[in-house]
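# make a model of this:
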Amino acid sequence: SVSVLNEAGIITEMGSNRDKEKIEMMLDNMKCILNDQVQCVRCFGSAALNLCMIARGSFEVYYEFGPFPWDLAAGILIVQEAGGIVMHPTRSQFQIDARAVLASNKNLAHFFQFPPFQMNS
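Just a heads-up that it's a prediction; the model follows:
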């Protein structure tokens, strides 16, 4: 399992909200991720697919602001059953109706905190 950021694959989604504030936050987060020289950043277009990619170990971190509970419910269970970590991006307890998610392998979850994106050692 990947445990260093420069080998990590990150998944995110941009959603459909085009408010100026949300766009700024998404771009700020993306700049921080890219500046930390992660292996790659991908958007697959589906929260359920993204979570399954974390569960199977194809990617290491998935975060998103805006998904609905029905987008997340099955994928969250799959990640947890596979031994992954699911939390709110602020590192608080995950709430299915909070419209925000951070899922990761156990090695990298502690590196991330939102908003705005911050790297923690």
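
# I'd guess Asp71 is in a helix, am I close?
Yes: assessed by DSSP: H, G, I helix; E, B strand; the rest coil, Asp71 belongs to a helix.

# distance of it relative to Val61?
In this view, Asp71 and Val61 are 17 Å apart by Cβ to Cβ, to the nearest Å. No exception for glycine: its C-beta is placed from N, CA and C like everyone else's.

# in terms of neighbours, single out the busier of the two.
Taking neighbours as other Cβ atoms under 10 Å, Asp71 and Val61 compare with Val61 leading, 25 against 19.

# per-residue confidence at the more buried one?
What the model reports for Val61 is a pLDDT of 95.

# identify the bridge partners of it.
Note on Val61: beta-bridge partners Ile10, Ser104, judged by DSSP bridges.

# which residues touch the residue nearest the centre of the chain?
Nearest residue to the geometric centre of the chain (Cα atoms, centre = their mean): Tyr63, 1.7 Å. Contacts for Tyr63 were tallied using Cβ atoms under 8 Å, 6 or more residues apart in numbering; they are Ile10, Ile11, Thr12, Asn29, Pro89, Val101, Leu102, Ala103, Phe112, Phe114.
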